[in-house]
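K.L.:
give the three-dimensional model of this entry:
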Amino acid sequence: MKGSFPIEKFASERTPFYYYDINLLRTTLAELGNALTSTYETANIKQVHFALKANFNPELLNIIAHYGLGADCATGGEIRFALNAGIPPSAIVFTGVGKREEDIRLAVSLGIGRFNVESVAELEVINEIATSMKKRASFSFRVNPDMGAYSYANVTTGMTENKFGIHHSMLADAVTAAKKMRSVRLCGLHFHIGTQILDTSDYIPLCNRINQCLELLKTMQVTIKDINVGGGLGIEYEHPNHRPVADFTSYFQVFKKHLRTDLPIHFELGRSIVAPCGALISKVLYVKEGLHHNFAIIDGSMTELIRPALYSAYHRIENITSDEPEQEYDVVGPISEHSDVFGKSVMLNRCHRGDYIAIRSAGAYGESMASHFNCRPLPKAFFSDDNLNS
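P.N.:
As a prediction, this is how the structure comes out:
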C-alpha cells in the first residue's frame, strides 16, 4: 500500500479512519460477474446477495448495487440500508436466528424476496404476522448440514451443536409443519457452513448434503424454486498485493460440478467482495522499548477493528511512512484491554511517533463492527475516488 496512499491529502484528518480503494472494489465486482457468467453459461442464477454485515457503508453499497447485486440482511436496519442503496425488495434475503417482530413486519410489508428461516418457532411467528397483515411470505429453510469449514472455530456455522439453522435430520418434520401454515410459502433451502474458506473442496461435502436434502424433498413431493448455498469464500490476508481479488471462479465451479440440480443457485458473499479494498489507517503515538519487545503504540484500537481481539485474526500491517530498515514490534492499541493488540512480532520499517500505519484487508467486519467503547468516536471513511463523499 506504500506509495498508493496519498498521505499529504489526509495530513489534517484525525486518525484512525478507514480508507477504501474504489478501483479495487470495482475490479472485484467486475471479476465476480465475469466468473459467475462464465461458470453458469445458461444463466441458471438469480442473484448474488451481498452480506451487509460485512460492510454497510452507503458509498460502497451504492457501487455494489450498481453492479446488480442483491442483499443479504440480518436486521431491519440493514434492509433499510439496502433499499436506500437502490437494491429492490425482491433481491433481498432476510437471515438471522433471532428476527425481531418489527423487522419481520417491515420485511413482509415490503414483499422481500425471501426469509431465510432458522427454526419452526420462527416460521410460526412469521406466519402469524403475515396472516395479520393479509400477506403471504416466501421463505427458505436454513438447513444445518452438520459440517463445518476448516476455518476459525468462532466463524464455523454448520456443525451439529450450533444455533444456526434446522438440523438436516429434522428437515422433514419442519417441512411437514410448514405445510400447515397458510400465510407462508416454502420456496427454497438455505445453507451456510462458515467463513474465510480458502480451500473450495470444503464445499464438496456441503454439495453432497444439499443433494441428499433435495432427494428428501422429492420423496415428500415438495417442489422448491431455488437453492441458497450461502457464502464464506476467503481472501488472502497475508499477502494482499499478491492476490487482491478472491478466487471467484473456483468457488462457483465447485457448486456447478457437485450439485445435482437444475434449480437456480443463490450465493451470499460479503468478505470476499469488500475486505481487500479497505484499510484502517492509524498513526504511531509512541514507540516503547521493553525488556524483550519493542511496542508500536498506535491510535487505532479494537473499537475500530475488533477482529484481531475477537478472533485472533491476522491482518497485514505496514508502516507506510518509513523507508528505514525493518524492526520487530508488537503493534498495540491504546485501550486498557489486554486483547487490544493488532499483531505481535510484526516486522515493520522502523517506527517513529506520527508515522502512518496501514492495517490491510479491513474492509469487511471492520467499520461495520466499530463501537463507541471508551467514548471513542466512530471512525470516518474516505475513498480513493474523489467523486465520493467522505
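
K.L.:
low-confidence bits of the stretch 51-200 of the chain, can you list those?
P.N.:
148-161 (pLDDT under 70).

K.L.:
switch to 80 and redo it
P.N.:
148-163 (pLDDT under 80).

K.L.:
can you tell me the closest non-neighbouring residue to Phe342?
P.N.:
Nearest in space to Phe342, with sequence neighbours left out and distances taken as C-beta to C-beta, 6 or more residues apart in numbering, is Val331 at 4.5 Å. No exception for glycine: its C-beta is placed from N, CA and C like everyone else's.

K.L.:
quick check, the one you found in contact with Ile298.
P.N.:
Yes: Val331 lies in contact with Ile298 (C-beta atoms under 8 Å); the separation is 6.4 Å.

K.L.:
shared neighbours, these two?
P.N.:
Shared contacts of Val331 and Ile298, defined by C-beta atoms under 8 Å, 6 or more residues apart in numbering, are found at Phe342, Ile357.

K.L.:
report how many residues lie close to the residue nearest to Phe342.
P.N.:
Using other C-beta atoms under 10 Å, Val331 has 25 neighbouring residues.

K.L.:
now do the same contact list for it.
P.N.:
So, once contact is read as C-beta under 8 Å, 6+ apart, Val331 ends up touching Phe295, Ala296, Ile298, Ile317, Val341, Phe342, Gly343, Lys344, Val346, Leu348, Ile357.

K.L.:
partners of the fifth one in the sheet?
P.N.:
Right, Val341. Val332 (DSSP bridges).

K.L.:
what about it, how many residues nearby?
P.N.:
Number of residues near Val341 (other C-beta under 10 Å) recorded here: 18.

K.L.:
contacts only, for it.
P.N.:
By C-beta under 8 Å, 6+ apart, Val341 lies in contact with Pro308, Ala309, Asp330, Val331, Val332, Gly333.

K.L.:
one more pass at 7 Å, please.
P.N.:
Taking C-beta atoms under 7 Å, 6 or more residues apart in numbering, we find Val341 in contact with Pro308, Asp330, Val332.

K.L.:
just to revisit the earlier point, of the contacts of Val331, buried ones?
P.N.:
Buried members of the contacts of Val331, counted by 16 or more other C-beta atoms under 10 Å: Phe295, Ala296, Ile298, Ile317, Val341, Phe342, Gly343, Val346, Leu348, Ile357.

K.L.:
and the last one, what pLDDT?
P.N.:
Translated: Ile357. pLDDT recorded at Ile357 is 98.

K.L.:
now do the second one
P.N.:
Looking at Ala296, its pLDDT is 98.

K.L.:
narrow the buried ones among the contacts of Val331 to those in helices?
P.N.:
Here DSSP state H is the test, and the buried ones among the contacts of Val331 give no hits in helices at all.

K.L.:
restricted to strands, list those residues.
P.N.:
Phe295, Ala296, Ile298, Ile317, Val341, Phe342, Gly343, Val346, Leu348, Ile357 (DSSP state E).

K.L.:
quick one: contacts for the nearest residue to Leu24 once chain neighbours are set aside?
P.N.:
Excluding the flanking residues, the one nearest Leu24 by C-beta to C-beta, 6+ apart is Cys277, at 4.4 Å. For Cys277, the contacting residues are Tyr20, Asp21, Leu24, Leu25, Thr28, Gly363, by C-beta under 7 Å, 6+ apart.

K.L.:
now do the SS call for the third one.
P.N.:
It stands for Leu24. Secondary structure state of Leu24, per DSSP: H, G, I helix; E, B strand; the rest coil, is helix.

K.L.:
report pLDDT for it.
P.N.:
The per-residue pLDDT reported for Leu24 equals 97.

K.L.:
quick one: terminal-to-terminal distance for stretch 353-371?
P.N.:
Taking C-alpha to C-alpha, to the nearest Å, stretch 353-371 runs 25 Å from one end to the other.

K.L.:
now do the buried residues in that stretch.
P.N.:
With burial defined by 16+ other C-beta under 10 Å, the residues of stretch 353-371 counted as buried are 355-370.

K.L.:
for those residues, work out which two are farthest apart.
P.N.:
Farthest-apart pair in those is Asp355 and Ser368; separation 27.0 Å (C-beta to C-beta).

K.L.:
how about the buried ones among the contacts of Val331 in a markdown table, adding distance to Cys187?
P.N.:
Below are the buried ones among the contacts of Val331 laid out as a markdown table (distance: C-beta to C-beta, whole Å):
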| residue | distance to Cys187 |
| --- | --- |
| Phe295 | 54 |
| Ala296 | 52 |
| Ile298 | 48 |
| Ile317 | 45 |
| Val341 | 46 |
| Phe342 | 44 |
| Gly343 | 45 |
| Val346 | 48 |
| Leu348 | 52 |
| Ile357 | 48 |
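
K.L.:
Ile92 bridge partners, please.
P.N.:
Counting by DSSP bridges, the residues bridging with Ile92 are Ala71.
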